[in-house]
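> Fold the following for me, if possible:
(2 chains, ligands or ions: 2)
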Amino acid sequence: MSIRSIDNSEKSKQTKTPAINTLYFYLTEGCNLACRHCWLAPKRDTTEHSSPTLPVDLFELAISEAKPLGLSSIKLTGGEPLLHPEFSRLIEIARREQLSLMIETNGLLCSPEIAAEIAKSANRFVSVSIDGADAATHEWVRGVPGSFDSARQAVINLVAAGIRPQIIFTVLRANFRQIDEMIPFAESLGATSLKFNIVQPTARGEKLHETGETLDIAELIRLGRHVELSLAPKTKLRLFFDQPHAFRTLSRISNGDGNNACGIFGIMGVLSSGQYALCGIGAQIPELVFGAIGKTTLKEIWKNHPILNAIREGLPDRLDGICGRCLMKQRCLGSCIAQNYYSTSSLWAPYWFCRQAEEAGLFPASRRI
Amino acid sequence: MNYLAKPIANPVVVLREEFDDWAVLFNPDTADAVGINPVGVTVWKQMDGTRSIEDIVSVVQSNFEDVPEAVHEEIVAFVQMLEKNGFVGLALKSNI
Ligand code: SF4
Ligand code: SF4
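Ligands and ions are numbered 1, 2, ... in the order given. Coordinates of the predicted model:
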């Protein structure tokens, strides 16, 4: 056994204006599913109704404005990004601009042709949401019959095209007993990793928290340990449980197997309405919308917007509550400042998970300042 | 740092052991912290100013399996990192 250590004393000081690493494109407000836990609560797209989508010229303009600021990757999400009527054109643009591509999809529209188109990008990462190891569970969560087979088929199509996707499973009271089963299921489909997401108390997720359809904090902490300590060592899949840093084992953090910290210092959201916003939460919170593409330049927003500058100057040192007293704050940055703001209207509010853990006496003493 | 150097743990620093045998070294004066694995915990516990790096290497070799050949260099690097952070001092015995 070798010696291993994690030096936490290196502070993550931000230069005045960091690079924009990634644009998060919320390509449409619409979705073809009706998931119980969705943090955006998009409108349901049907044959009669389809939601507005981001025009291709604004997509291109945002990229051309972001490239001189350092852009190297884009994430296509939504709503359901594959509902965008010119989806193939968008990935062609990303390819032409030599951008790394991340796509979050529910898989319904991920045909062999689309999968092959995505696979043409040299650097791509796709995640497909599957919330159960069987159709009944997944479809109870996702609200649409037949969506389980479509999601499974999407993974198969992606693997056939040479992309081994990540499967994302959102943990609810109705499906958490299937966590162990998800591992052979994901392995058999050829996924490369399996990520267990926790429902954020935003939009529809907020209702689920209120009605007890999510797990309580003690259950979540137990489950996180189960995934990290019992399940992860037994599979070749990379497993992630999306819990804050204070709850991740040091061994996983030092292996680089922990989830990455929020990249807020290098992210700009682009909403389907053609507006720039903080990651994507601007769709829920008007004051986190920074301006319209083509009306205000991205350079102006990125350099001068008071909220972005406040975040650069204040994070993590100004975090309140347990986040302010947490040893992991340099790495974790309060987990999700957008979620924290949504819940409290303060950028510096502590993250709900750790606040609840502290209130329940479950926050690890070894991770406190 | 030579192998005869005798590191001594800063008495202010607290060793906080976790459930999986890793631990956090925490300096309450500076709020700096270092996460260490079980080998690091063993090394830390030996650093009382009476044991040389050579002695500590022997303790590690007798307590752990699969100790790599470069264990000397690893432990020196570890102690140097702790020294840089003010977690460790060196009780250097003069031979003169
Ligand atoms: S207390 Fe805050 S900074 Fe610490 S792990 Fe939790 S969310 Fe992250
Ligand atoms: S603040 Fe939250 S939503 Fe925004 S990038 Fe970070 S983790 Fe994602």
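> neighbours around residue B:53, how many?
23 (other Cβ atoms under 10 Å in any protein chain shown). Glycine gets a C-beta too; all of them are placed from N, C-alpha and C.
> Let me know whether it touches residue B:74 as I believe.
No - between residue B:53 and residue B:74 there is no contact under Cβ atoms under 8 Å: 10.7 Å.
> thinking residue A:157 is in contact with residue A:112, fair?
Yes - judged on Cβ under 8 Å, residue A:157 makes contact with residue A:112 at a distance of 4.8 Å.
> Of these two, which one has the most company?
Taking neighbours as other Cβ under 10 Å, residue A:157 and residue A:112 compare with residue A:157 leading, 22 against 14.
> Now the more buried one. Nearest residue, chain neighbours left out?
residue A:115 (4.2 Å; Cβ to Cβ, 6 or more residues apart in numbering or on different chains).
> Sticking with that neighbour, tell me its helix or strand.
helix A:112-119 (DSSP states H and E).
> Report all helices and strands that that helix contacts.
When contacts are defined as 3 or more Cβ pairs under 8 Å, 6 or more residues apart in numbering or on different chains; DSSP states H and E, helix A:112-119 sits against helix A:87-96, helix A:147-160.
> looking at chain B, which helix or strand does the model trust least?
The weakest-scoring helix or strand in chain B, judged by mean pLDDT, DSSP states H and E, is strand B:88-91 (a mean of 79).
> Okay, buried residues for that strand please.
Applying a neighbour-count criterion of 16 or more other Cβ atoms under 10 Å in any protein chain shown, one finds B:88, B:89, B:90 buried in strand B:88-91.
> May I have the residues that are in contact with the closest residue in space to the first one that isn't next to it in sequence?
The shortest distance from residue B:88 to any non-neighbouring residue, by Cβ to Cβ, 6+ apart, is to residue B:82 (4.1 Å). Neighbouring residues of residue B:82 by Cβ atoms under 8 Å, 6 or more residues apart in numbering or on different chains: B:7, B:25, B:34, B:88.
> Return the distance of residue B:82 relative to residue B:32.
Going from residue B:82 to residue B:32 by Cβ to Cβ, to the nearest Å gives 10 Å.
> who touches both of these two?
With Cβ under 8 Å, 6+ apart, residue B:82 and residue B:32 have no common neighbours.
> so who does residue A:85 touch?
With Cβ under 8 Å, 6+ apart, residue A:85 has these contacts: residue A:53.
> What are the phi and psi values at it?
The phi/psi pair for residue A:85 (degrees, to the nearest 10) reads phi -70, psi -20.
> Do you know the pLDDT at it?
With respect to pLDDT, residue A:85 has a value of 95.
> what's the helix or strand for the residue of chain B found nearest ligand 2?
Here chain B gets closest to ligand 2 at one residue, residue B:35, 22.4 Å apart by Cβ to the nearest ligand atom. Assigned by DSSP H and E, residue B:35 falls within strand B:32-36.
> close to ligand 1, is that strand?
No - shown here: strand B:32-36 not in contact with ligand 1 (Cβ under 6 Å from any ligand atom), separated by at least 12.2 Å.
> Not counting its own residues, what contacts that strand?
By Cβ under 8 Å, 6+ apart, the list of residues contacting strand B:32-36 reads A:3-9, A:250, A:253-254, A:327, B:22-27, B:44, B:81-82, B:85-87.
> can you give me the helices for chain B?
Counting by DSSP state H, chain B has helices at residues B:38-46, B:53-63, B:71-84.
> out of these, nearest to residue A:232?
helix B:38-46 (18.1 Å; Cβ to Cβ).
> Now that closest one: buried residues?
Across helix B:38-46, burial judged by 16+ other Cβ under 10 Å covers B:38, B:39, B:40, B:41, B:42, B:43, B:44, B:46.
> Can you give me the pLDDT of the second one?
Okay, so that is residue B:39. So residue B:39 comes in at 95 (pLDDT).
> Quick check: residue A:155 vs chain B, distance?
For residue A:155, the distance to chain B equals 32 Å [Cβ to the nearest Cβ, to the nearest Å].
> Wait, that residue touches residue A:107, no?
Yes - counting by Cβ under 8 Å, residue A:155 does reach residue A:107; the two are 6.9 Å apart.
> which residues are in contact with both of the two?
Common neighbours of residue A:155 and residue A:107 (criterion: Cβ under 8 Å, 6+ apart): A:128, A:130.
> can you list the residues of chain B near chain A?
With Cβ under 8 Å from any Cβ of the partner chain as the criterion, chain B meets chain A at residues B:16-18, B:20, B:22-24, B:26, B:30-40, B:43, B:60, B:64-68, B:71, B:74-75, B:78, B:81, B:85.
> in chain A, which ranges drop under the pLDDT threshold?
A:8-15, A:37-49, A:258-259 (pLDDT under 70).
> 80 - rerun?
Along chain A, the parts satisfying pLDDT under 80 run over A:1-16, A:31-51, A:203-204, A:256-260, A:280-283.
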